[in-house]
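Take this sequence and fold it.
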Amino acid sequence: MTLNKLCLGALLTICTFSSNANDVNFSIGGGYPYFVIPEVSLSAAQGTQRWYANYKIGLDDGFSVGFEHALTSDKKHVLGLVVGAIGAQDDGRECPDTDDKDIGETFGNIFGCALSGMFDTETTNGVGVSYSYLFSGLNEGGWRVRFELGYGEGSNSNEKRADGGVSISYEF
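So this is what the prediction gives:
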């Protein structure tokens, strides 16, 4: 919970700085394990770097903030650091066995376990690295593909693990 508040504070900080800078951009995207990712970013260092904050919605949800730096002069290959939601995994909860003779209760438990199995993922909050390919260049409008990989802990289980994700987004 405190990491989400920290990420939200960073997002508000970026929005506060936007009144002093003309290079604030917005993007929307999706991928796996997060299906919708709205993002706000702030250009830095003559467009070769950027700070960003996003909210990831999908199998679970979470905030993340990051920093990216262009690796090439055309600013299409970008390496970055990300803190916050870096992925989502099954939390590993098992369904209880039922030895009841009541067929209605047995089918109810089977249906309940199947339904909860689809929604029992939890966000991994931690620190990671990202690689992005931007078709128009960093801080330019257009399409981007981002890969994230990191290490952290599950938001509910506190299990330590590696996690990651992939997304495609459009920057306006």
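
For burial, what's the neighbour tally of the nearest residue to Ser167 once chain neighbours are set aside?
Distances taken as CB to CB, 6 or more residues apart in numbering place Gly31 nearest to Ser167, at 3.3 Å, with adjacent residues excluded. For glycine as for every other residue, the C-beta is placed from the backbone atoms N, C-alpha and C. Gly31 has 19 neighbouring residues, counting by other CB atoms under 10 Å.

so Gly31 is in which element?
strand 24-32 (DSSP states H and E).

hmm, back to that, residues in contact with the residue nearest to Ser167?
Neighbouring residues of Gly31 by CB atoms under 8 Å, 6 or more residues apart in numbering: Ile37, Arg146, Gly165, Val166, Ser167, Ile168.

Same question for whichever strand or helix holds the third one: list its buried residues.
Element membership of Gly165, judged by DSSP H and E, is strand 160-171. Neighbour-count burial for strand 160-171, with 16 or more other CB atoms under 10 Å as criterion, is recorded at Asp163, Gly164, Gly165, Ser167, Ser169, Glu171.

give the contact list for the closest residue to Arg146 other than its chain neighbours.
Of all residues not flanking Arg146 in the chain, Ser132 sits nearest, at 4.4 Å (CB to CB, 6+ apart). Going by CB under 8 Å, 6+ apart, Ser132 touches Glu68, His77, Val78, Gly80, Arg144, Val145, Arg146, Phe147.

Could you look up the SS state of the fourth one?
So that's Gly80. strand (DSSP: H, G, I helix; E, B strand; the rest coil).

what are the ranges of the strands in the protein?
24-32, 34-44, 49-58, 61-70, 77-90, 121-134, 142-154, 160-171 (DSSP state E).

what about the fourth one, average pLDDT?
The predicted model assigns strand 61-70 a mean pLDDT of 95.
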